[in-house]
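Trainee: what follows is a protein structure lacking sequence information:
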């Protein structure tokens with residue numbers, strides 16, 4: 001949770017309910033509040049799959065999307081860890097939502113995840129991860 005907050009700092013993202021700090025486990029829920037497109041939004045997700053240290057999946061149970069599923073997969077490659085994000089979502093509002101996704105949302109979400117993963121990579125490859133895990 002703490003690493004998520006750090007890596008999405010630019011959106012003002014905060015955990016406001018459920019598990020709000022430390023590590024989250026299978027079946028646990030977190031509610032996030034963040035500003036996207038200039039609007040404060042709230043989203044609740046649950047950890048639906050957890051296979052430490054290989055992968056975990058969170059799925060939205062309440063929020064602006066019709067649905068979303070975010071898989072985080074970790075594999076060893078040449079003595080290093082390769083992290084892969086698989087993010088799938090559906091927008092509400094039928095054809096209007098699909099048009100919005102095509103024109104704006106898909107690129108916005110891609111940029112958000114790339115920026116977030118750059119922060120995670122920097123923390124994981126340095127000493128800062130020790131502080132994050134001990135908080």
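Mentor: Looks like it came in fine. Keep in mind the model is a prediction, meaning the values are calculated, not measured.
Trainee: tally of neighbours for residue 36?
Mentor: Residue neighbour count, defined by other C-beta atoms under 10 Å, stands at 16 for residue 36. No exception for glycine: its C-beta is placed from N, CA and C like everyone else's.
Trainee: and residue 129, by the same measure?
Mentor: Around residue 129 there are 14 other residues, counting by other C-beta under 10 Å.
Trainee: kindly report the same for the one 5 residues further on.
Mentor: Counted with other C-beta under 10 Å, residues neighbouring residue 134 total 8.
Trainee: and it, what pLDDT?
Mentor: Among the per-residue scores, residue 134 shows a pLDDT of 79.
Trainee: show me where this protein has its helices.
Mentor: For the chain, applying DSSP state H gives helices covering 2-7, 94-100, 106-125, 128-134.
Trainee: so of those, which one's packed in deepest?
Mentor: Mean neighbour count (mean count of other C-beta atoms under 10 Å) peaks for helix 2-7 among the helices of the chain, with a mean of 18.
Trainee: got the contact list for it?
Mentor: Outside helix 2-7, the residues within contact range by C-beta atoms under 8 Å, 6 or more residues apart in numbering are 13-15, 21-22, 32, 115-117, 119-120, 123, 132, 135.
Trainee: how about the residues you listed in CSV, adding distance to residue 75?
Mentor: Listed next are the contacts of helix 2-7 as CSV, based on distance: C-beta to C-beta, whole Å:
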residue, distance to residue 75
13, 27
14, 31
15, 27
21, 27
22, 25
32, 27
115, 22
116, 19
117, 15
119, 20
120, 15
123, 19
132, 21
135, 26
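Trainee: out of the residues you listed, the closest to residue 42 would be?
Mentor: Closest approach between the contacts of helix 2-7 and residue 42, by C-beta to C-beta: residue 32, at 7.0 Å.
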